[in-house]
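>>> Okay, structure incoming, though there's no sequence with it:
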């Protein structure tokens, strides 16, 4: 579920990109959400890299994780020190080669990175939605992305790629629009949250809602629930790492001191790291969006929503070819969860490849530079592209 | 024999020659996907491989092959009956913990199964056993007793008896010796159980539908 890792610029880049916006579901044609609410207008932020070919068969849709955004690669301006969150994977000659493919990354409705979310102005009241924002599902988010694809005139997706919560959207795409999706790469993801994953999310949400500044979500004109959101992020970061990676990264090392302070400042490096991650996060993310997206992730249950309780049934109409990837040290969405979906795909005769990559950096492994993952994705996409050509 | 300038291993070439174009093939313990890649590109088969080692799985997927990482004994259980035209177990039978149940699983999900293995009754092995008094170590089976992955010792005759006992039909078989770093080889027709270093069999369930029947029993290559 993480997310979002800042990298320095590496290798060739797609160069300058821009955040684009698409607004739909306006007053007369509001979108009917899964909870029954009629909702609109909806704005989605998105980014595109590469060129659409003449027969429109080279489109890759990238879906980001919990707190990511549409800015997947390149930079907004030449002064930008940090490129998009998956710049290591997307660019000329990279895992997703923008010299060959037209790569689109769509933000999600409910977020706070340019798309409509709880911090957006409710046109009916002239004030931010706050808790009046409807509770959304992964299905709603994907249906909104479908509207964006329609708007862009894209009828076929060569591949849909995403990790974590982005991977849930990938699966939702394959099930909802089987005729549209040629292939899919769900990374470090699951068909439903385990009790463990829901538990972590709930503790994170409680941290936000217990912050006195949260004010039932109406904090946009005053102080924000920064402390609660920071704690929520700290909890998240624990789940994105692993015992091994924390041992290697921090051990029991102390932060800028040789002995305990015998107080409650951040003595250990791991404490200092989590506090830093927490405080950095509040600068870019909205607490209410965090509540809504984590809830949608907890509600996500592919087998209940699409298979009447059967995971095999859920995949029964799916046509896409899959590359499923898990990571050995991911304890948020462990390998057995990927294997469960692979098994269901096999039972349906779906063409699926599966690889469990040895990595000690936990759930976030899919976002970190990893030549093995890059080559897997490159080879798989190439194969799919050739198959379509022939 | 297939070659077309490719450096395909001789034994894999024989297997490939038995496979009809555009069929559905499962390769168990497919390694780096040499055979599957050949079949995919030259015979347009719909391929799937199962391989336990991450590095080999990655090599396969990078080539554009559909391969699953996992244990063949478990992964084989998830497919619908008769889903594959051919299920191939190449040079792995001797390392399988429960060969009988694995081959039965292969016959469940595949219309035909192709199995190849080193012949433990090759004359060199017999001679070593007789004259040296040590458990044989050969080019084909280069391990000592304490580090060998080969836990199942069988001969070409043994496999025939096995097929008979389990009521499988042998559709094709080839007894071969390999040379030139396995790139070339010969079919052994005289006393194969004595002179062949490898056996390759294609088997099927006893009752086949007419249109699935593969004629030409006993033909090694075409």
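Everything's here; your move. A quick note: this is a predicted structure, and the numbers were derived from the prediction, not measured.
>>> And the closest residue to residue B:195 other than its chain neighbours, how close does it get to residue B:119?
Nearest residue to residue B:195, sequence neighbours excluded (Cβ to Cβ, 6 or more residues apart in numbering or on different chains): residue B:188, at 4.8 Å. Heads up, the C-betas are built off the backbone N, CA and C, glycines and all. According to Cβ to Cβ, to the nearest Å, residue B:188 and residue B:119 sit 9 Å apart.
>>> on that earlier part again, show me what contacts the residue nearest to residue B:195?
By Cβ atoms under 8 Å, 6 or more residues apart in numbering or on different chains, the residues touching residue B:188 are B:175, B:176, B:177, B:195, B:196.
>>> would you turn those residues into a markdown table with pLDDT, secondary structure and neighbour count?
Converted to a markdown table, these look like this (pLDDT from 0 to 100; DSSP: H, G, I helix; E, B strand; the rest coil; neighbours: other Cβ atoms under 10 Å in any protein chain shown):
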| residue | pLDDT | secondary structure | neighbour count |
| --- | --- | --- | --- |
| B:175 | 96 | strand | 23 |
| B:176 | 95 | strand | 22 |
| B:177 | 93 | strand | 18 |
| B:195 | 96 | helix | 17 |
| B:196 | 96 | coil | 27 |
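>>> how about these, which pair is most distant?
Maximum pairwise distance among the contacts of residue B:188 (Cβ to Cβ): 9.9 Å, between B:176 and B:195.
>>> From residue A:359, how far off is the residue nearest to residue A:361 when sequence neighbours are not counted?
Nearest non-adjacent residue to residue A:361, counting by Cβ to Cβ, 6+ apart: residue A:245, 4.6 Å away. Going from residue A:245 to residue A:359 by Cβ to Cβ gives 9 Å.
>>> Looking at those two now, which is surrounded by more residues?
residue A:359 (23 against 19; other Cβ atoms under 10 Å in any protein chain shown).
>>> in what helix or strand does that one lie?
Secondary structure assignment for residue A:359, by DSSP states H and E: no helix or strand.
>>> Report the contact partners of it.
A:327, A:328, A:329, A:330, A:365, A:368, A:370.
>>> and what of residue A:315?
Residue A:315 touches A:174, A:175, A:307, A:341, A:344, A:345, A:347, A:348, A:350, counting by Cβ under 8 Å, 6+ apart.
>>> go on, residue A:183?
Per Cβ under 8 Å, 6+ apart, neighbours of residue A:183: A:158, A:159, A:160, A:320, A:321, A:322, A:323, A:380, A:381, A:384.
>>> before we move on, what about residue A:181?
Here residue A:181 is in contact with A:157, A:159, A:160, A:173, A:174, A:319, A:320 (criterion: Cβ under 8 Å, 6+ apart).
>>> For chain B, which residue gets nearest to chain A?
residue B:64 (2.8 Å; Cβ to the nearest Cβ).
>>> in the sheet, who's paired with residue 90?
Picked chain A for this. Beta-bridge partners of residue A:90, counted by DSSP bridges, are residue A:96.
>>> I was after chain B.
residue B:116.
>>> ok so, going back, between the contacts of residue A:181, which is closest to chain B?
For those, the nearest to chain B is residue A:320 (12.3 Å; Cβ to the nearest Cβ).
>>> Check what pLDDT that closest one gets.
The confidence metric pLDDT takes the value 97 at residue A:320.
>>> what's the distance between it and residue A:98?
Residue A:320 is 22 Å from residue A:98, by Cβ to Cβ.
>>> So between those two, which is more surrounded?
A count of neighbours by other Cβ under 10 Å puts residue A:320 above the other of residue A:320 and residue A:98, at 27 against 23.
>>> Double-check residue A:355 against residue B:60; I have them as touching.
No - at 9.1 Å, residue A:355 does not count as touching residue B:60 under the criterion of Cβ atoms under 8 Å.
>>> Could you list the low-confidence segments of chain B?
B:1-7, B:207-222 (pLDDT under 70).
>>> Same check on chain A?
A:1-10, A:389-390.
>>> Show me which residues of it are close to chain B?
A:321, A:323, A:339, A:342-343, A:346-347, A:349, A:351-358, A:372, A:375-376, A:378-380, A:382-383, A:386 (Cβ under 8 Å from any Cβ of the partner chain).
>>> contacting residues around residue A:215?
Contacts of residue A:215 (Cβ under 8 Å, 6+ apart): A:222, A:225.
>>> Please report the distance of it from chain B.
Distance check for residue A:215 against chain B: by Cβ to the nearest Cβ, to the nearest Å, it reads 49 Å.
>>> Which parts of chain A are helices?
Remark: helices assigned in chain A by DSSP state H are A:138-152, A:165-176, A:195-209, A:226-240, A:243-249, A:269-284, A:287-299, A:302-307, A:311-314, A:335-347, A:371-389.
>>> how far out from the middle of the chain is the first one?
The chain centre lies 15 Å from the centre of helix A:138-152; the measure is Cα atoms, centre = their mean, to the nearest Å.
>>> what comes into contact with it?
Here helix A:138-152 has contacts from A:22, A:24-25, A:31, A:33-34, A:42, A:44, A:46, A:61, A:63, A:104, A:106, A:108-110, A:155, A:157, A:165, A:168-169, A:172-173, A:176-177, A:180, A:296-297, A:299-300, A:305, using Cβ under 8 Å, 6+ apart.
>>> Buried only: go through those residues for me.
A:22, A:24-25, A:31, A:33-34, A:42, A:44, A:46, A:61, A:63, A:104, A:106, A:108-110, A:157, A:165, A:168-169, A:172-173, A:176-177, A:180, A:296-297, A:299-300, A:305 (16 or more other Cβ atoms under 10 Å in any protein chain shown).
>>> Around residue 163, count how many other residues there are.
Assuming you mean chain A. There are 31 residues near residue A:163, going by other Cβ under 10 Å.
>>> wait, I meant chain B there
Neighbours of residue B:163 (other Cβ under 10 Å): 19.
>>> wait, it sits on residue B:203?
Yes - in terms of Cβ under 8 Å, residue B:163 counts as a neighbour of residue B:203; the distance is 5.5 Å.
>>> Quick check: neighbours shared by those two?
With Cβ under 8 Å, 6+ apart, residue B:163 and residue B:203 have common neighbours B:169, B:170.
>>> For residue A:198, which residues are in contact?
Contacts of residue A:198 (Cβ under 8 Å, 6+ apart): residue A:298.
>>> Can you give me the distance of it to chain B?
Residue A:198 is 28 Å from chain B, by Cβ to the nearest Cβ.
>>> For that residue, give its distance to residue A:294.
9 Å.
>>> Kindly report the same for residue B:131.
Applying Cβ to Cβ to residue B:131 and residue A:294 gives a distance of 73 Å.
>>> Can you flag the buried ones in the residues of chain A next to chain B?
A:321, A:323, A:339, A:342-343, A:346-347, A:351-357, A:372, A:376, A:378-380, A:383.
>>> now residue B:185, what's its secondary structure?
strand (DSSP: H, G, I helix; E, B strand; the rest coil).
>>> Then residue B:94?
Per three-state DSSP, residue B:94 ends up helix.
>>> correct me, but it touches residue B:115?
No - in this structure, residue B:94 is not within contact of residue B:115 by Cβ under 8 Å, at 10.4 Å.
>>> Have a look at these two and say which one is more surrounded.
residue B:115 (26 against 19).
>>> which one of the helices of chain A has the most crowded surroundings?
Most buried of those, by mean neighbour count (mean count of other Cβ atoms under 10 Å in any protein chain shown): helix A:165-176, with a mean of 26.
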